[in-house]
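> below is the sequence, then the predicted model.
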Amino acid sequence: MALQGAGALLLGGCKNVFDQIHQNKTILSILESAEGLNQKALRLLTPKGALAKEFSEKEISSYFKPNGNPPPLDPRYVQDGLRGWASWRLEVTGHVNNPGKFSLNQVKKLPSRTQITRHDCVEGWSAIAKWKGVPLSEIIKLVQPKPVAKYIIFYCMDVDSQGVHFYQSIDLLDAMHPQTILAYEMNDKPLPVQHGAPIRLRLEMQLGYKMAKYISKIELVSSLDGIGGGRGGYWEDLGYSWYAGI
Ligand SMILES: Nc1nc2c(c(=O)[nH]1)N[C@H]1C(S)=C(S)[C@@H](COP(=O)(O)O)O[C@H]1N2
Ligand SMILES: [Mo]
């Protein structure tokens, strides 16, 4: 049932890739594992093909709190920002047939999606904004995951006060959801530095801490072992749940 529901989430266009993922027995095993129980329950509770609620222009919040680590401290980050991210690349690597490095202009030339959604932080605040970006499914189609790929890791350029890099992960089912986008615009302007420039993840069915900002690399992997603390994300390594469904 969970897999059928997930199948219905894919609103056309991605059938071949999804078929590959659908046949991937490892996805089934995640859903059956104890770690996957919460995730499975949430997916069964949401109607088939569910999208997160989208809002109208007039509901956009006048203030959206920047949260988390300060922007990357590396002077190269700041200098590149001043040059319109000319040197930045999105590196896509791991269990894929076509690894690649995309410039921001290349990312912007891919099909885009615009959505006005509510961001819910686990700390208890919410804000509505308009996001434009490339659906992650488009990137996945280009790089072509191998059957062993189960998760996508997002590596971020910022660090905490101890120098530990932020990172996050989602599974391929969530990666193919139509509202899962790599956003480069917020409220019709280039994504501001404090909100994760040049690109950040929007994952509208989950809480704010999953939505990695300052992304420089994504990797398709078969297991979360050996990455960071091994629990699939910066906050997960500190005890938060890996599946943060709303
Ligand atoms: N790279 C990175 N991404 C991050 C964080 C962070 O500290 N570093 N914080 C997360 C948390 S807890 C939230 S609520 C949102 C905040 O996004 P915002 O700054 O656009 O409000 O980013 C998430 N993504
Ligand atoms: Mo958050």
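Cool, the structure landed. Numbers count the residues shown, from 1 in each chain. Ligands and ions are numbered 1, 2, ... in the order given.
> only C-alpha atoms for contact and neighbour calcs from this point on.
Will do.
> quick one: name the residues of the protein near ligand 2.
Contact residues, the chain versus ligand 2 (CA under 5 Å from the ion): C121, G208, Y209.
> among those residues, which are within reach of ligand 1?
C121, G208, Y209 (CA under 6 Å from any ligand atom).
> which ones are touching the first one?
Read it as C121. L207, G208, Y209 (CA atoms under 8 Å, 6 or more residues apart in numbering).
> can I assume the first one is in contact with G124?
No - using CA atoms under 8 Å, L207 is not in contact with G124, being 10.5 Å away.
> look up how far ligand 2 lies from N98.
33 Å (CA to the ion, to the nearest Å).
> wait, a strand at that residue?
No - read with DSSP: H, G, I helix; E, B strand; the rest coil, N98 is coil and lies in no strand.
> go ahead and confirm it touches K146.
No - with contact defined as CA under 8 Å, N98 does not reach K146; the gap is 9.8 Å.
> so which of these two has more stuff around it?
K146 (19 against 15; other CA atoms under 10 Å).
> could you check how far the more buried one is from G232?
20 Å (CA to CA, to the nearest Å).
> and H165, by the same measure?
Distance, H165 to G232, by CA to CA: 13 Å.
> that older thread, who has more neighbours, L207 and G124?
Neighbour totals were compared for L207 and G124, and L207 leads with 19 against 6 (other CA under 10 Å).
> contacts only, for that one.
H119, D120, C121, V122, A244, G245, I246.
> 7 Å instead, please
L207 is in contact with D120, C121, V122, A244, G245, I246, counting by CA atoms under 7 Å, 6 or more residues apart in numbering.
> ok, what's across the strand from the nearest residue to T114 once chain neighbours are set aside?
Leaving aside its sequence neighbours, T114 sits nearest to K132 (CA to CA, 6 or more residues apart in numbering; 4.3 Å). Legend: beta-bridge partners of K132 under DSSP bridges are T114, E185.
> next, count neighbours for K132.
When neighbours are counted by other CA under 10 Å, K132 registers 23.
> is the particular helix or strand that has L201 in it up against ligand 1 anywhere?
Assigned by DSSP states H and E, L201 falls within strand 200-203. No - in terms of CA under 6 Å from any ligand atom, no part of strand 200-203 sits within range of ligand 1; the closest distance is 7.6 Å.
> ok, and what's touching that strand?
Strand 200-203 is contacted from outside by Q179, T180, I181, L182, A183, Y184, M211, A212, K213, Y214, I215, using CA under 7 Å, 6+ apart.
> many thanks, we can stop here.
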